[in-house]
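> Quick one: sequence and predicted model below, then my questions.
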Amino acid sequence: MMNQCYLPENSNIRELVQEYGNEVAKVQFFNDKVKDHLDILLGETYVLPEVLNAFSQFSAALAALINPNIAFEEGQVREKDMTNKFDIYDKYFEVNRVQNMTYGQFIQQYLDTSAELINEFQYTSMSRGEIAYILKGWEAANLILLRKQKPTTQHFSEKKIIEVAPKNNEARALYRWKLAHHGFAVFMVFSGHCFEKAIELLESNADDALLADWLDKGAHLFRATTACMEFGNSFTASVYRSVIRPDMSRANEEANLPNGFSGTQNFEYVKWRKLKVKLLNAIKHNQAELSETIMEKVELFRTYYLEDMHIHSIIAGRMVGIEKSLLQEGMGAKKGKPMKITAGDMLRMMAQMREKEVDFIIGK
C-alpha cells in the first residue's frame with residue numbers, strides 16, 4: 001500500500017509554519033546524494049546494469065531518512081468535502097490537505113515521495129534524460145529548503161530499503177500512476193513558490209542575479225513535473241487501457257463529476273497556472289528593461305513549457321490512441337453527441353495555444 005501524500009492546505013510554501021526536527025539535516029544529506037547522481041547521469045555514459053546499481057545504492061542511502069510516522073495535531077489534516085472537485089481529485093490520488101503544516105512535516109513528505117520515486121525508477125522504462133530532469137528538480141527544491149540554513153554534516157547510515165510498490169502487475173501500474181501525481185504535486189508547489197518570488201522581484205526591479213536564480217529554479221521544477229508524467233506512464237498502452245482508465249472511470253462515476261477527470265481538478269496545477277499567467281504578464285510588462293541574463297531564463301521556461309505539452313501529446317497518442325479523454329467523453333455526453341477529435345488532437349491544439357501565449361518572449 002502506497003504512502004498517503006500530505007500537502008499544504010493552500011498549496012503554498014509560505015503558509016508553512018517554521019518548525020523543524022532533524023529534517024533540514026536530512027535535506028542536506030539528500031542534496032549531497034542528488035549532486036552525486038547528477039554527476040553520474042550527466043557526466044558519463046553508463047551501461048544499464050551500472051545505472052540500476054547506482055539507483056539501488058541511492059535508494060539504500062535514503063532508507064534511513066524516510067517513513068517515520070508524520071505527527072499531525074488533532075484536526076490538522078482537513079476533512080474532504082466530496083462536493084468539491086479538488087477534494088474528489090485528491091481522494092482518488094490519495095492526497096490530503098494539512099492546515100498550518102510545518103516545514104518539518106512538509107519536508108518529511110517531500111523526502112518520502114522522493115525516496116519512493118528513486119526506488120521505483122530502477123524498475124521502469126524511463127530514459128536517463130527524464131530521470132536527470134527530476135534530479136535537477138530535486139536539486140532546486142533542496143536549495144530552496146536549505147536557504148538561510150546553516151550547513152550540516154550529519155550522516156545517516158544505510159538501512160534496509162522499505163519496498164512499498166506492490167508486486168501485482170495491475171496494482172503496480174496504479175501505484176506508479178498515483179505516485180507520479182504525488183511527485184508532480186510536490187514539484188508544482190515548489191515551482192509556484194519560485195514564480196511568486198520572481199513576480200515580486202519583477203515588480204520591484206530588484207537584483208538581476210536573484211531574479212535569474214528564481215526563474216531558473218522555477219523552470220527546472222516545472223520540467224520535473226513533465227518527467228513525473230513520463231514516470232506515471234511507464235507501462236504499456238494495454239495496461240493503461242485495461243487498468244488505469246477503468247479505475248479512473250469508476251472513481252469519476254462514484255464522484256458524479258459533470259465532466260471526466262482532468263487537470264482542471266488538480267489543485268496544484270490550477271494554483272500554479274494562475275501564477276504562471278501573472279509571471280508572463282509581469283515579464284511582458286517589463287521586457288524592454290530585462291537583461292539578457294534574465295531573458296535567457298525566461299526562454300528556458302518557454303522551452304520547457306512548450307515541451308511539456310508536446311510530451312503530453314505523445315503520451316496521449318501512445319496510451320489513448322484514437323480514443324477520447326475522460327474529459328472529452330464527459331463533455332460529449334453532456335452535449336448529447338460524441339466528440340470526434342481524439343485526446344491527442346486536443347492536446348496538440350492546446351500546444352498551439354501555448355505557443356501563441358509565449359510568442360512575445362522571442363519577439364514573434
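Done, it's in.
> What values do phi and psi take at the nearest residue to Val98 once chain neighbours are set aside?
Among residues not flanking Val98 along the chain, Tyr6 sits closest, at 5.1 Å (CB to CB, 6 or more residues apart in numbering). The way it works is simple: take the backbone N, C-alpha and C, and place the C-beta from them, glycine included. The phi/psi pair for Tyr6 (degrees, to the nearest 10) reads phi -110, psi 130.
> which sections of the protein are below the confidence cut-off?
1, 43-48, 151-153, 257-261, 321-340, 364 (pLDDT under 70).
> for it, what spans make up the strands?
With DSSP state E as the criterion, the chain has strands at 5-8, 95-98.
> how about the helices in the stretch 251-364 of the chain?
Assigned by DSSP state H, counting those that start in this stretch, the helices in the stretch 251-364 of the chain fall at 267-286, 292-319, 326-335, 343-358.
> Let me have those helices in JSON lines, extended by mean neighbour count.
Formatted as JSON lines, the helices of the stretch 251-364 of the chain follow (neighbours: other CB atoms under 10 Å):
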{"stretch": "helix 267-286", "mean neighbour count": "17"}
{"stretch": "helix 292-319", "mean neighbour count": "18"}
{"stretch": "helix 326-335", "mean neighbour count": "16"}
{"stretch": "helix 343-358", "mean neighbour count": "16"}
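> Let me know which of these is the nearest to Asp208.
Each of these has some distance to Asp208 by CB to CB; the shortest is helix 292-319, at 6.0 Å.
> got the contact list for His144?
In this structure residue 144 is Ile, not His. Contact partners of Ile144, counting by CB atoms under 8 Å, 6 or more residues apart in numbering, are 13, 190, 193-194, 217.
> Out of the strands of the chain, the one nearest Leu300 is which?
Closest to Leu300 of these is strand 5-8 (CB to CB; 26.4 Å).
> what's Met229 in contact with, if anything?
By CB under 8 Å, 6+ apart, the residues touching Met229 are 180, 184, 311-312, 315.
> Same check on Cys5?
Neighbours of Cys5 in contact, by CB under 8 Å, 6+ apart: 93-96, 109, 113, 182, 185-186.
> between the residues you listed, which is nearest Gly75?
Among the contacts of Cys5, and counting by CB to CB, the member closest to Gly75 is Asn96, at 12.7 Å.
> Rebuild the helices of the stretch 251-364 of the chain as TSV, extending it with distance to Ala61.
Converted to TSV, the helices of the stretch 251-364 of the chain look like this (distance: least, CB to CB, whole Å):
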stretch	distance to Ala61
helix 267-286	28
helix 292-319	29
helix 326-335	39
helix 343-358	38
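> Which of those sits closest to Ile161?
Ile161 lies closest to helix 267-286 among those, at 27.9 Å (CB to CB).
> who does that closest one touch, helix- and strand-wise?
Where contact means 3 or more CB pairs under 8 Å, 6 or more residues apart in numbering; DSSP states H and E, helix 267-286 is packed against helix 85-92, helix 169-204.
> before we move on, the earlier item: out of the contacts of Ile144, which is nearest to Arg172?
Set against Arg172, the nearest of the contacts of Ile144 by CB to CB is Phe190 (27.1 Å).
> you'd agree the closest one is up against Ile13?
Yes - counting by CB atoms under 8 Å, Phe190 touches Ile13, with 7.1 Å between them.
> between the two, which one's more packed in?
Using other CB atoms under 10 Å as the criterion, Phe190 and Ile13 rank with Phe190 on top: 26 against 19.
> show me the contacts for that one.
13, 137, 140-141, 144, 217, 221.
> if you set the cut-off to 6 Å instead, what comes out?
By CB atoms under 6 Å, 6 or more residues apart in numbering, the contact set of Phe190 is 141, 221.
> For Phe55, see how far away it is.
Counting by CB to CB, to the nearest Å, the separation of Phe190 from Phe55 is 22 Å.
> Next, the contact list for Ser59, please.
Residues in contact with Ser59 (CB under 6 Å, 6+ apart) are 118-119, 161.
> Next, count neighbours for the residue lying closest to Tyr89 once chain neighbours are set aside.
Spatial nearest neighbour of Tyr89, chain neighbours left out: Gln265 (3.8 Å); criterion: CB to CB, 6+ apart. By other CB under 10 Å, 23 other residues sit near Gln265.
> Go ahead and confirm Gln265 touches Lys85.
Yes - Gln265 is within contact range of Lys85, at 4.6 Å (criterion: CB atoms under 6 Å).
> What count of nearby residues applies to Ile70?
Applying other CB under 10 Å, I find that Ile70 has 19 neighbouring residues.
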